[in-house]
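Enquirer: Fold the following and give me the result.
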Amino acid sequence: MIMMKLEELKNIFKLSDIQEKQLDDYAKFLIEYNEKINLTAITEYEDIIEKHFYDSLIPLLHKDIKGTLVDVGTGAGFPGVVLKIVKPELKVLLIEPITKRCVFLNELIKKLNLKDIEVLNTRGEEYSIKHREEYDFVTARAVTNLNALIEICGAMVKVDGYFIALRGKDGLQEVDDAQVAIKTMGFEIENTYKDNLSDGSTRISSFIKKTTKTAKSFPRKYSIIKHDPICKK
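Expert: Coordinates of the predicted model:
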C-alpha cells in the first residue's frame, strides 16, 4: 500500500508553496507535540498526510466551502485547521472542550501564522444556544453519532447554510438513522458522497442543508441528547 504524499495533496488541491510548507510544519509539529500529550493515534508522517489532512479536505472535492466555518470537537485541528490552510479566506472557529488540546491549537495557529481563526474552549451545544443561525458551514469529524451531532451543531448554521457530516464506513447508515433528527433541526440532505483512502477505507461526506430556523428548544443539554435522542420522538 502506497500512502499519499504531500506533493500529491499539493497537486490535487492546487496548493501554493506556502500552503505546502504550512501542512509540512503542521504534521511535524503534531508528531513532536504528541509525545507530550495524546492528540492522535496516527503518528507516522505519511499517515498524517492522508488520514488526517486529505481526509479533512475530502469535502472540497465536492463543494466550494467559503464564508464562516465552525469545527466542533476539533481535537488536533481536523478538519478545521487543514481547511483554513487550504482555504485561507475562510473565517474559522475551532470548538474544543479539552483545555490541553486548545493550548496545542493556539500554539499551532501561531506557528503557522494563520489569521481569522479562533480557538474556543467550550462544548458545542453550549455555544449553539447563544450563537444561533450565525455560520455558513459547521462540521465535526469523529466526535459522536450523527443523530446527536446534528442537534449539538445544527442551531449554529444559517438558513441555506450547511452542516457537513464527515463519517467513516458506516456513514450511509448513520445518515439514514438520523433522518428524524435532521428534519427536526430544520435540515434536509442535499448530497452524500463516498470516497476511499489508499488502504481502501471508506469516507462518507454528507452535505446537510438548513432550510428553516431551528426551534428554540434545541439543542438540549448533552446528558439529555445522549439518553433521549431525537430519533426516539
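Enquirer: Quick check: Glu134 vs Lys210, distance?
Expert: Distance from Glu134 to Lys210, counting by CB to CB, to the nearest Å: 12 Å. Heads up, the C-betas are built off the backbone N, CA and C, glycines and all.
Enquirer: So those two - more neighbours on which side?
Expert: Applying other CB atoms under 10 Å to Glu134 and Lys210 shows that Lys210 carries more neighbours, namely 23 against 17.
Enquirer: Do you know the pLDDT at the more buried one?
Expert: Per-residue confidence (pLDDT) for Lys210: 98.
Enquirer: Which residue is the nearest non-sequential neighbour of it?
Expert: Closest residue in space to Lys210, ignoring its immediate chain neighbours: Val157 at 4.6 Å, by CB to CB, 6 or more residues apart in numbering.
Enquirer: quick one: what helix or strand has the residue nearest the centre of the chain in it?
Expert: The residue lying closest to the centre of the chain (CA atoms, centre = their mean) is Ala140, at 3.5 Å. Element membership for Ala140 (DSSP states H and E) is strand 135-141.
Enquirer: follow-up on the earlier one: in contact with the residue nearest to Lys210, which residues?
Expert: Counting by CB atoms under 8 Å, 6 or more residues apart in numbering, Val157 touches 133, 135-138, 163, 187, 210, 214.
Enquirer: Need the per-residue pLDDT for it.
Expert: 98.
Enquirer: roughly how far apart are it and Ala140?
Expert: Going from Val157 to Ala140 by CB to CB gives 12 Å.
Enquirer: For this protein, which residues score under the pLDDT cut-off?
Expert: Scanning the chain with the threshold set as pLDDT under 70 gives 1-2, 142, 232-233.
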